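Novice: Sequence first, predicted coordinates after that:
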Amino acid sequence: MEIVVEIHVPLREAAGTAEGSYPFPWIDRVGDFLAEQESAEVYDDGEEYGEMYVFFISGAAEEDLLAVASRAAGLAGIPSGVFAMVTSDEAGGDRPRTTC
């Protein structure tokens, strides 16, 4: 079993987005940040889930993954209200998870 941390970011448009431009540039910013981390690996592609955008990281101890999630939440331009969930690669969509 591998620990997976889900990073849930409210799916809100970036402040000051010009009309006709991509309203969620922070998705790429977080994705690039996560791909650059040596202490964590991107587990799966991010995805929209309701009113959230969810990123998945793994490949390290829970505390290291949560530290990466915390740093991602603090990136410039990221909407407030980010939270992380600790789960595993064996958890299905309906299985209970631990919220941090």
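Specialist: Everything's here; your move. Numbers count the residues shown, from 1 in each chain.
Novice: Residue 52 is in contact with residue 10, correct?
Specialist: Yes - using CB atoms under 8 Å, residue 10 and residue 52 qualify as a contacting pair, with a distance of 6.1 Å. Yep, even glycine has a C-beta here, placed from its N, CA and C like the rest.
Novice: Neighbour count for these two, which is higher?
Specialist: Comparing residue 10 with residue 52 by other CB atoms under 10 Å, the one with more neighbours is residue 52, at 18 against 13.
Novice: who's in contact with that one?
Specialist: The neighbours of residue 52, taking CB atoms under 8 Å, 6 or more residues apart in numbering as the test, are 8, 9, 10, 11.
Novice: Mean pLDDT per helix and strand in this protein: which one sits at the bottom?
Specialist: strand 98-99 (a mean of 44; mean pLDDT, DSSP states H and E).
Novice: Report the mean per-residue pLDDT for the host helix or strand of residue 28.
Specialist: Secondary structure from DSSP states H and E places residue 28 in helix 25-36. Per-residue pLDDT over helix 25-36 has a mean of 96.
Novice: tell me the SS of the residue of the chain most remote from its centre?
Specialist: In the chain, the residue that sits farthest from the middle, by CA atoms, centre = their mean, is residue 19; the gap is 25.8 Å. Following DSSP: H, G, I helix; E, B strand; the rest coil, residue 19 is assigned to coil.
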